[in-house]
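1. Whatever this is, show me its structure:
(one chain, ligands or ions: 2)
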Amino acid sequence: MPIAAKLNMAKILYVDDDADLALITAASLMAENHDVTVINEGPEGWSILKSNQYELVILDWDMPSLNGIEILQLMRTAGDTTPVIMLTGRTRLDDKMQGLDTGANDYLTKPFEVGELLARIRAALRTKVAAPPPPKPLGANNEHVLNRANLTGTALAARFEFVDVLGEGGVAIVFKARHPQLDKFVAIKMLQGSELSEEDKARFESEARIVSKLDHPNIVTVYDYGVTERKQPYMVMELVDGPSLRAILEEHEYVTVDEALPILLAITEGLAYAHDYGVLHRDIKPDNVVLKQELNHQPIPRILDFGLAKLLQMNAPKSANLTQAQQIVGSPAYMSPEQVRLQSVDERSDIYSFGCLMFEVLTGYAPFLGDNPLEIALKHVEENPLTLGEVRPELVTTFPPVLEHLIGRALEKDPAKRFQTIRELQEELQKSSLPPPDSSLWNRLRKFRIF
Ligand SMILES: Nc1ncnc2c1ncn2[C@@H]1O[C@H](COP(=O)(O)OP(=O)(O)O)[C@@H](O)[C@H]1O
Ligand SMILES: [Mg+2]
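-> Ligands and ions are numbered 1, 2, ... in the order given. Next up is the predicted model:
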């Protein structure tokens, strides 16, 4: 809720999701006779900005749903030249450069002295002129992004503002987009390229159909599926705002046992649910788990990318079978030996891939590494994995023996020797639990400013 104070110096909008800090800071600015409006959520900040004129805007960077740099980008793309000060915990030089290059007039890092902020506000107000709006591949009318995705002029592009690219693979591209009427952010996944094979299209449709049947807190939600005028299929999904496990590993190398356990257990919940519904994921890996950021709560893992998913025990006629017998599906680092061998797979293959994921999350290394996909794939068939402690001797005392044993069992070459169901694995995983984790990953991530 806006807290307005009458005043005469400058009309300032301050957007920061840290409500306490925002209040204290705003109080200091008001004491200097500024007229300050404080907003704690990015989308609300952006909608207020669009309908009001301010003399200065202060933006936090990391906020859920719509962050400060995105607001800044939206402002500059819309031609708004109001001076902006980024006030953020991000201290890295490349972040500062990005902030200024995006059109911030000034950049101040937290923790900060209020006196310095006030001096910078005075300086920004003296200048009164914002940086020129840099052309950025962002915003509702961005021809570049829309063109690349073959979306220019389509009804889909008219319905949504395409804000950013969330992920891009060989086949698919995933956008962050906003529905202006609902003021709601979504993720839109599309197949890339103008010449899509019928098989790609059928698989994409199958992904949409399968995920839309799954209704679980640890599985991404699909809202809509359609085909553009150019015959390009798209899927509108819930936007899972937060980093993927891959992004976390890139930033932190590995995740400690007590921080990883709640995440891993939540993934087993989602997987068990999918298996109960007869759905195999077949591409479980850190890239395909995104942690939904919840204010003041533990992040909620969401499994996504059911592009290779398959309905179990469905004796579909061969012609309708999307995965031809000879086709390798999956990602080499996480493929079960039976996937590598092109044998038929069941839920125990997902259990193996999940074993690889656990291994990597806890150590920072996938169990089998190699110079090329073939070498890695063969190691799944031929080589025994090291233990967590062998890979990370410095952490050996932090790995409970039950966890070492559990991962060893998930990574058994012979499916018959693995856990037979994900629920069995989950029960064991619960035994690895230390006392309730107090240092939530969320807090650690905030500290490291991943969000
Ligand atoms: N609903 C979503 N919310 C947020 N990010 C997403 C969403 N869907 C996909 N992504 C991001 O885009 C990346 C690619 O999406 P994915 O469905 O895995 O496509 P691909 O089939 O190309 O791997 C993911 O790794 C994730 O980072
Ligand atoms: Mg993926």
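
2. The residue in the chain that ligand 1 sits nearest to: what secondary structure?
-> In the chain, the residue that lies nearest ligand 1 is Gly167 (2.2 Å; Cβ to the nearest ligand atom). Every C-beta, even on glycine, is put in place using the N, C-alpha and C of the backbone. Secondary structure state of Gly167, per DSSP: H, G, I helix; E, B strand; the rest coil, is strand.

3. what about it, neighbour count?
-> Applying other Cβ atoms under 10 Å, we find 17 residues neighbouring Gly167.

4. try Glu383
-> Neighbours of Glu383 under the rule other Cβ under 10 Å: 13.

5. Tell me which helix or strand the closest residue to it other than its chain neighbours sits in.
-> Distances taken as Cβ to Cβ, 6 or more residues apart in numbering place Phe368 nearest to Glu383, at 6.4 Å, with adjacent residues excluded. Phe368 belongs to no helix or strand when assigned by DSSP states H and E.

6. who's in contact with Phe368?
-> Shown in contact with Phe368 (Cβ atoms under 8 Å, 6 or more residues apart in numbering): 333, 356, 376, 379-380, 383, 385.

7. phi, psi of it?
-> Backbone torsions of Phe368, given as degrees, to the nearest 10, read phi -120, psi 130.

8. re the thing from before, for the residue of the chain closest to ligand 1, which residues make a bridge with it?
-> Using DSSP bridges, the bridge partners assigned to Gly167 are Val174.

9. who are the neighbours of the helix or strand containing Glu404, in terms of helices and strands?
-> Remark: Glu404 resides in helix 401-410, with elements defined by DSSP H and E. Packing partners of helix 401-410 (3 or more Cβ pairs under 8 Å, 6 or more residues apart in numbering; DSSP states H and E): helix 347-363, helix 388-391, helix 422-431.

10. Point out the most buried one among those helices.
-> Per residue and on average, the most neighbours among the helices and strands packed on helix 401-410 fall to helix 347-363, with a mean of 24 (mean count of other Cβ atoms under 10 Å).

11. Assess the claim that Leu395 and Leu388 are in contact.
-> Yes - when contacts are counted by Cβ atoms under 8 Å, Leu395 is listed as touching Leu388 (7.4 Å).

12. For the two, list the residues in contact with both.
-> Shared contacts of Leu395 and Leu388, counting by Cβ under 8 Å, 6+ apart, come down to Thr363.

13. Can you pull the phi/psi pair for Val57?
-> The phi/psi pair for Val57 (degrees, to the nearest 10) reads phi -130, psi 130.

14. low-scoring stretches of the stretch 201-350 of the chain, by residue?
-> Counting by pLDDT under 70, the stretch 201-350 of the chain contains low-confidence residues at 296, 312-329.

15. Which residues of the protein lie near ligand 1?
-> Residues of the chain lying near ligand 1 by Cβ under 6 Å from any ligand atom: 166-167, 169, 171-172, 174, 187, 189, 220, 237-240, 244, 287-288, 290, 304-305, 307.
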